[in-house]
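*Asks:* with the input below, show me the fold.
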Amino acid sequence: EDANGQFEMNWAYDDVLATADKHSFFKFMVKSIAEKHGLRATFMPKPFQGLTGNGCHAHISVWDLGGKTNAFADKSMELGLSEQGRHFLGGIMKHASALAAICNPTVNSYKRINAPRTVSGATWAPNTATWTGNNRT
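*Replies:* Alright, predicted model coming up:
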């Protein structure tokens, strides 16, 4: 989140398919506008050695069909994460190695994992399957 020329995509929460469409359209739009101005936009995860890479993270929440109750929230639990949310995280952690094949589709994706410190002093790349209240690796 501190890479040179990096922009963070932000939009309101929505249905998963609508969000996927927004994501795809955003990337197409950015590349098209850059090309129109004689530039090239890349979503390459690690374009320059020694500089922080780019990634795409997602903030995920699951709500009831009425959109009123967050299934991951429980104020009485540690860090406010419900039992269902813990099971969701457990599934991601259990299958993290397999998910890496989908979430890291290119060689450059893997160059970010365990990359050495950069000019900014951070890589912000995942390197372990773990969870906590604020773990950026």
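
*Asks:* which residues does the strand or helix carrying Gly91 contact?
*Replies:* For Gly91, the element it lies in under DSSP states H and E is helix 83-94. With C-beta atoms under 8 Å, 6 or more residues apart in numbering as the test, helix 83-94 has contacts from Ile60, Val62, Ala71, Phe72, Ala73, Asp74, Met77, Leu81, Leu99, Ala129, Thr130, Trp131. Just so you know, the C-beta spots here come from the backbone N, C-alpha and C atoms, and that holds for glycine as well.

*Asks:* neighbour-wise, which of the residues you listed leads?
*Replies:* Most neighbours among the contacts of helix 83-94, by other C-beta atoms under 10 Å: Phe72, with 20 neighbours.

*Asks:* show the pLDDT at that one.
*Replies:* Listed pLDDT for Phe72 reads 94.

*Asks:* my guess is it contacts Leu79. True?
*Replies:* No: the pair Phe72 / Leu79 is not scored as a contact, 10.4 Å apart, by C-beta atoms under 8 Å.

*Asks:* just the helices in this protein please.
*Replies:* 16-36, 83-94, 96-103, 107-112 (DSSP state H).

*Asks:* just put these in a markdown table and tack on distance to Cys56 and mean pLDDT.
*Replies:* Below are those laid out as a markdown table (distance: least, C-beta to C-beta, whole Å; pLDDT from 0 to 100):
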| stretch | distance to Cys56 | mean pLDDT |
| --- | --- | --- |
| helix 16-36 | 8 | 93 |
| helix 83-94 | 16 | 93 |
| helix 96-103 | 9 | 85 |
| helix 107-112 | 10 | 78 |
